[in-house]
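>>> my questions concern the predicted model and sequence given below.
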Amino acid sequence: MLIRPRGGRVIKSRVLSTLVALTTVASLTAACSSSGVIGESSATGDFGKDFVGSVLSPNAPSAAGGAHQGKDGGLTGQQSLPSFDNAPLPQPITAHQLPGPYTTPSGAVTGKLFFYRQGDANSGNYYVCSGTVIKSQNASLVWTAGHCVHDGKGGTWHLDMVFVPAFDNADGDPNVDPSDLSAYAPLGTFPAVHVWTSPEWVKTGDEHGGDLAHDYAVIEVGRNSDGQTLDSAVESAGAKPVPMWFNAPTAQGKTPPISIRGYPAAQPFNGMSQWGCTADSVQLLNVTELGPQAKEYRAGCDLTGGASGGGWFARAPGQAAGEMSLVTNTSVGSAHNAHSGNWLAGPYLDASAKQLYNIANGSPAP
C-alpha cells in the first residue's frame with residue numbers, strides 16, 4: 001500500500017510507504033520470463049480499451065540462504081492528494097487478528113502473494129502482498145493491487161509470483177523461507193501464469209503513487225502440487241470464490257458495511273496471520289486530481305505493509321446473509337501517521353475494472 005502523507009510531507013520512522021513488505025533473503029532466481037501483451041482480448045474478444053498483460057513462465061521463489069522476516073518495502077509515497085488531505089478523517093478502527101486456521105468459508109479466500117522485482121535477483125530482497133480468490137470461469141483468478149504485480153511507469157512485471165490461500169503461520173517463527181512454503185500452505189501454493197493490470201497504473205504508477213484510482217490487477221494462477229485449481233482448493237475448505245461487485249453505490253450515505261482483510265507485515269504486525277477491520281460505513285471520495293470520474297473508498301483501518309491487494313468485502317443486493325462480494329482492494333494508506341490519522345483506501349471498481357476482469361475471466365483454465 002502506498003502511504004499518503006498530508007500536505008506532501010515525507011513520512012518516516014514507523015510509517016509504511018506501501019502495503020508491500022520487503023524481506024531480506026538470499027537471492028531469488030530470475031528465471032521467470034515475461035512478455036508484455038497489450039490489449040489482450042478475452043475469449044469472446046470483448047474489450048474496449050488497451051489493457052496490459054503478461055504471460056509468465058511460473059517458477060517458485062528460491063532462497064538458498066535460508067529464512068528471514070519481512071520488512072517495510074521502503075517506498076516513500078510523497079505525492080499529495082488534496083481530495084484526501086482536505087476531507088474529514090474517517091472514524092478510526094483498530095484492526096483485529098482473525099483466528100486461524102484459515103481453512104474456513106471466510107478465511108480460505110484470502111491469501112498471501114510472494115514475489116520479487118526485476119533487478120533484485122542478486123539483492124536478496126523478496127516482497128509480499130495480499131489477494132482474494134474471486135469467482136471466475138477458469139477457476140483460477142486472484143484480485144490484488146496493481147503495484148503488487150507491476151512497478152508502474154518505466155518499470156517491469158514482478159517475477160516468480162506465488163499465491164498461498166489461507167497462509168497460516170500465526171504461532172510460528174516469522175522467518176520464512178519462500179522457497180518452501182508448504183508448512184504454511186494448507187491448501188497448496190499456486191504459481192502465477194498470467195497477470196493483467198490497468199494501463200493507467202503502468203503509465204503513471206511509481207514509488208510515490210501515480211494513478212491510484214486504477215491500482216488494481218488480476219492474476220491467473222496454475223494448479224497446486226495435487227493438481228487442483230485454485231477454486232477447487234478453496235472449495236475443499238468449504239469456501240466459495242468471491243463474486244465481484246463493480247459499480248457499487250456511489251452516494252456517500254449508501255456505502256455498505258465493509259470488512260477488510262489482509263496480511264499486514266510491517267510493525268506492529270509480522271505478516272504471519274490474517275488481520276481485519278470492520279466498518280459500518282466508509283468514505284467514498286471524489287479524487288479529481290486523478291481524473292474527473294476517479295473515486296476512492298477510504299476507511300479508518302490501521303493495517304500496514306503486506307496488506308496491499310487485500311480485499312474489501314460487502315454484502316451485495318440479492319446475496320444471502322453471510323455472503324460477501326469484493327468491492328475493492330487495499331491500495332494506499334496513512335500507516336500510523338500521527339498527523340493524518342490511520343486509514344486505508346482502495347479504488348472504486350467501475351466499468352474499466354470490469355473490462356479488466358472480463359479479459360482475465362476469458363483466459364483458458366490452466
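Here it is on my side, so go on.
>>> mind giving me the packing neighbours of the longest helix seen in the chain?
Longest helix in the chain, counting residues (DSSP state H): helix 351-361. Applying 3 or more Cβ pairs under 8 Å, 6 or more residues apart in numbering; DSSP states H and E, one finds that helix 351-361 makes contact with strand 141-144, strand 190-197, strand 217-221. Every residue, glycine included, has its C-beta placed from N, CA and C.
>>> how about 10 Å then?
strand 52-56, strand 125-134, strand 141-144, strand 190-197, helix 199-204, strand 217-221, strand 325-329 (3 or more Cβ pairs under 10 Å, 6 or more residues apart in numbering; DSSP states H and E).
>>> can you give the distance of the fourth one from its chain's centre?
By that I understand strand 190-197. With Cα atoms, centre = their mean, to the nearest Å as the basis, strand 190-197 stands 13 Å off its chain's centre.
>>> partners of it, with directions?
Applying DSSP bridges, strand 190-197 is found paired with strand 52-56 (antiparallel), strand 159-165 (antiparallel), strand 217-221 (antiparallel).
>>> what's the average pLDDT for the first one?
Taken as a whole, strand 52-56 has a mean pLDDT of 55.
>>> next one: the last one
The predicted model assigns strand 217-221 a mean pLDDT of 97.
>>> check which helices and strands the very next helix or strand once past it sits against.
For strand 217-221, the following helix or strand on the C-terminal side (DSSP states H and E) is helix 230-235. Packing contacts for helix 230-235, counted by 3+ Cβ pairs under 10 Å, 6+ apart, involve strand 110-116, strand 125-134, strand 141-144, strand 159-165, strand 217-221.
>>> how about the ones you listed in JSON lines, adding mean neighbour count and distance to residue 83?
Formatted as JSON lines, the helices and strands packed on helix 230-235 follow (neighbours: other Cβ atoms under 10 Å; distance: least, Cβ to Cβ, whole Å):
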{"stretch": "strand 110-116", "mean neighbour count": "28", "distance to residue 83": "29"}
{"stretch": "strand 125-134", "mean neighbour count": "28", "distance to residue 83": "25"}
{"stretch": "strand 141-144", "mean neighbour count": "28", "distance to residue 83": "24"}
{"stretch": "strand 159-165", "mean neighbour count": "26", "distance to residue 83": "32"}
{"stretch": "strand 217-221", "mean neighbour count": "28", "distance to residue 83": "23"}
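>>> mean pLDDT lowest where, among the helices and strands packed on helix 351-361?
For those, the bottom mean pLDDT is recorded on strand 52-56, which sits at a mean of 55.
>>> tell me the pLDDT at the most centrally placed residue in the chain?
For the chain, the residue nearest the mean C-alpha position is residue 309 (1.2 Å; Cα atoms, centre = their mean). With respect to pLDDT, residue 309 scores 94.
>>> partner residues bridging the closest residue to it other than its chain neighbours?
Leaving out its chain neighbours, the residue that sits closest to residue 309 by Cβ to Cβ, 6 or more residues apart in numbering is residue 144, at 3.3 Å. Under the criterion DSSP bridges, residue 144 forms beta bridges with residue 217.
>>> low pLDDT regions in the stretch 201-350 of the chain?
208, 251-254, 335-341 (pLDDT under 70).
>>> tell me the contacts of residue 262?
Going by Cβ atoms under 10 Å, 6 or more residues apart in numbering, residue 262 touches 1, 19, 95, 98, 110-112, 129-132, 269, 271, 274-277, 301, 303-312, 329-330, 344.
>>> if I look at it, how far off is residue 81?
Separation of residue 262 from residue 81 (Cβ to Cβ, to the nearest Å): 22 Å.
>>> list the buried residues for stretch 177-190?
Neighbour counts over stretch 177-190 (16 or more other Cβ atoms under 10 Å) mark 177, 178, 179, 181, 184, 185, 186, 187, 188, 189, 190 as buried.
>>> so how far is residue 282 from the residue nearest to residue 167 when sequence neighbours are not counted?
Distances taken as Cβ to Cβ, 6+ apart place residue 112 nearest to residue 167, at 3.9 Å, with adjacent residues excluded. Using Cβ to Cβ, residue 112 is found at 24 Å from residue 282.
>>> same question for residue 144.
For residue 144, the distance to residue 282 - Cβ to Cβ - is 19 Å.
>>> over to residue 297?
5 Å.
>>> overlap of the contact sets of those two?
Common contact partners of residue 297 and residue 282 (Cβ under 10 Å, 6+ apart): 90, 255, 258, 260, 312, 314, 327, 328, 344, 345, 346.
>>> export those as CSV, with columns for neighbour count and secondary structure.
Converted to CSV, the shared contacts of residue 297 and residue 282 look like this (neighbours: other Cβ atoms under 10 Å; DSSP: H, G, I helix; E, B strand; the rest coil):
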residue, neighbour count, secondary structure
90, 21, coil
255, 20, coil
258, 24, strand
260, 27, strand
312, 29, strand
314, 21, strand
327, 25, strand
328, 29, strand
344, 34, strand
345, 29, strand
346, 30, strand
